[in-house]
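Engineer: coordinates for the following, if possible.
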Amino acid sequence: MLKKEGPVQSELEMVSLESLVPTTHLLRKIAAHIDFSFIHDRVAHLYCANNGRPALDPTVLFKILVIGYLFGVRSERQLMREIEVNVAYRWFLGMRLTDKVPDASTLSQNRRRRFTGTSVYQDIFDEIVLQAIKAGLVDGHTLYTDSTHLKANANKQKFDQEVIGKSRADYLDALDEAIDTDRAAHGKKPLKSKDREVITKKTKVSRTDKDAGYMVREGKPKGFFYLDHRTVDGAHAIITDSHVTAGNVHDSIPYLSRLDHQCKRFDLDVKTVGLDAGYMTAGICKGLDDRKIHGVIGYRRPNHRKGFLYKREYEYLPGIDGYRCPGGQILKYSTTSRTGYREYKSNGKQCQTCPFLDQCTSSSNHVKVITRHVWQDIKDKTDQNRLSTWGKAVYKRRKETVERSFADAKQLHGHRYARLRGLDKVKEQCLLAAATQNIKKIALVLARNIFLWCKITLKTDKQSQLNLLIVS
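Structural biologist: Okay, here's the model as predicted:
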């Protein structure tokens with residue numbers, strides 16, 4: 001029989017908030033395995049101890065942000081509306097059903113007035129990593145690094161053309177020393193001492209967000225972007241570093257300094273790193289070699305001028321420090337430039353009668369010049385790691401660690417777009433997103449480990465009881 005439902009929503013019910021949240025909910029796992037109590041002490045110096053209106057508990061404030069990043073709610077106003085009606089969110093924040101939800105401006109004003117210019121977000125991220133290390137989820141043996149782009153909150157059609165300085169690589173001081181040593185070994189006078197001039201270029205600068213960089217990369221969209229340079233540990237894909245730059249900064253520029261930062265901050269003993277081809281520079285190979293770290297770096301086919309011979313067709317002869325061209329001539333060492341490259345030059349008169357001349361050089365004096373970096377031997381040695389059996393296994397795991405980390409961040413945690421404008425605010429976004437992913441990973445792994453331990457223990461106990469029955 002069909003009957004009409006009564007107004008059940010007006011009935012008074014006695015319920016417990018605890019009973020309304022499923023035992024398998026993700027927030028329950030996070031609450032069980034992540035300690036958020038450190039936040040209060042980290043930000044206490046930013047609050048007045050004995051004056052003003054009572055502030056929203058900073059632990060609750062940051063847990064609200066975690067909810068937003070965890071479930072991909074990009075709008076702070078929408079986030080507050082979600083908390084108002086979501087029982088699990090209220091339970092996680094320690095709020096009762098009748099408690100008033102804070103206004104969205106509480107988040108924005110704290111970010112603008114209280115936390116701007118502080119290291120709070122970096123401190124929170126670091127503390128979560130330390131909790132992962134304490135739980136045994138980070139071993140630091142193998143680290144994977146890559147970058148992904150976040151579209152800046154800026155119109156790519158509104159820009160000015162300006163001349164700006166290019167980013168400075170963090171290994172140039174070591175390169176200057178290597179150049180002087182190499183010139184001395186070849187009997188050349190040292191170069192005149194002078195500071196390296198800042199290399200400038202004319203580029204597009206956004207009128208909306210001047211910190212964003214105009215990115216032009218093969219296979220990538222053009223426009224104003226930021227780059228999140230992220231490092232992930234190989235054991236359980238815990239993120240150990242997140243560093244933000246403008247979109248036009250090359251991946252290799254900040255790499256070594258960020259690697260040193262992680263080793264020092266978390267006391268990591270790194271043995272191997274896995275990197276894509278964008279990091280295959282002589283400077284990085286030398287830096288890894290100095291740190292006794294094995295680098296497994298991807299390969300990218302070098303640029304080649306159509307109709308001319310490949311550089312690999314010129315054989316390097318280490319015994320005489322020269323090159324043998326396909327025509328049989330030996331190209332002898334000439335000099336070492338300030339950029340760190342040795343120059344090997346042919347005899348122009350001998351080249352005039354060479355049958356390979358048209359495929360070798362188009363210079364007016366018929367002199368072929370081949371360059372070789374002063375750290376090329378180390379670069380070649382590093383490249384061999386990629387071809388080894390263990391190197392192939394290390395490189396293959398990139399897609400399961402750092403690439404998967406970025407995929408999850410973009411698909412689930414709103415990492416495709418910069419929510420705010422300015423480098424510092426995008427750093428805030430990336431650190432909070434990375435910390436949230438770590439929180440989720442720690443909670444899920446530890447919860448699964450406990451479940452497996454309980455299952456094995458229960459099975460063992462049942463078998464022990466069965467054995468006792470058989471014996472008796």
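Engineer: ok, H236 touching G140?
Structural biologist: No: the criterion here is CB atoms under 8 Å, and H236 misses it with G140 at 11.8 Å. For the C-beta atoms, the positions are set from N, CA and C on the backbone; glycine is no exception.
Engineer: ok, L97 - contacts?
Structural biologist: The neighbourhood of L97, defined by CB atoms under 8 Å, 6 or more residues apart in numbering, consists of 17, 87, 90.
Engineer: against L46, how distant is it?
Structural biologist: Remark: distance between L97 and L46 (CB to CB, to the nearest Å) = 31 Å.
Engineer: just S37 next, same as before
Structural biologist: Counting by CB to CB, the gap from S37 to L46 is 17 Å.
Engineer: where does L331 sit, in terms of helix or strand?
Structural biologist: strand 330-336 (DSSP states H and E).
Engineer: show me what the helix or strand just after that strand is in contact with.
Structural biologist: Per DSSP H and E, the first helix or strand lying C-terminal to strand 330-336 is strand 341-345. Residues outside strand 341-345 that contact it (CB under 8 Å, 6+ apart): 182, 322-323, 331-337, 367-374.
Engineer: quick one, helices of the stretch 201-350 of the chain?
Structural biologist: Applying DSSP state H, counting those that start in this stretch to the stretch 201-350 of the chain gives helices spanning 255-266, 282-290, 348-351.
Engineer: quick one: closest of those to G307.
Structural biologist: helix 348-351 (16.9 Å; CB to CB).
Engineer: what is the neighbour count of A32?
Structural biologist: 11 (other CB atoms under 10 Å).
Engineer: does it count as helix, strand or coil?
Structural biologist: helix (DSSP: H, G, I helix; E, B strand; the rest coil).
Engineer: which stretches of the protein form strands?
Structural biologist: 142-151, 159-165, 200-206, 213-215, 223-233, 239-246, 272-275, 294-297, 315-317, 322-324, 330-336, 341-345, 369-373 (DSSP state E).
Engineer: can you give me the angle the longest one makes with helix 255-266?
Structural biologist: Between strand 223-233 and helix 255-266, the angle formed by their directions is 40 degrees, by axes from the mean of the first three to the mean of the last three CA atoms, to 10 degrees.
Engineer: run through the neighbouring helices and strands of strand 223-233.
Structural biologist: strand 142-151, strand 213-215, strand 239-246, helix 255-266, helix 402-412, helix 423-471 (3 or more CB pairs under 8 Å, 6 or more residues apart in numbering; DSSP states H and E).
Engineer: centroid-nearest residue for this structure?
Structural biologist: R230 (0.9 Å; CA atoms, centre = their mean).
Engineer: quick check: it touching A434?
Structural biologist: Yes: with contact defined as CB under 8 Å, R230 reaches A434; the gap is 6.7 Å.
Engineer: in the protein, what helix or strand scores lowest on average pLDDT?
Structural biologist: Of the helices and strands making up the chain, the lowest-confidence element is helix 423-471, at a mean of 76, by mean pLDDT, DSSP states H and E.
Engineer: still on that earlier bit, neighbouring strands of the strand holding L331 in the sheet, and parallel or not?
Structural biologist: Sheet pairing of strand 330-336 (DSSP bridges) gives strand 322-324 (antiparallel), strand 341-345 (antiparallel).
Engineer: got the buried residues for the first one?
Structural biologist: For strand 322-324, a neighbour-count test (16 or more other CB atoms under 10 Å) marks 322-323 as buried.
Engineer: and that strand, average pLDDT?
Structural biologist: Per-residue pLDDT over strand 322-324 has a mean of 94.
Engineer: then stretch 213-224?
Structural biologist: 87.
Engineer: now the end-to-end length of it.
Structural biologist: 5 Å (CA to CA, to the nearest Å).
Engineer: for it, the distance to its chain's centre please.
Structural biologist: Remark: stretch 213-224 is offset 18 Å from the chain centroid, using CA atoms, centre = their mean, to the nearest Å.
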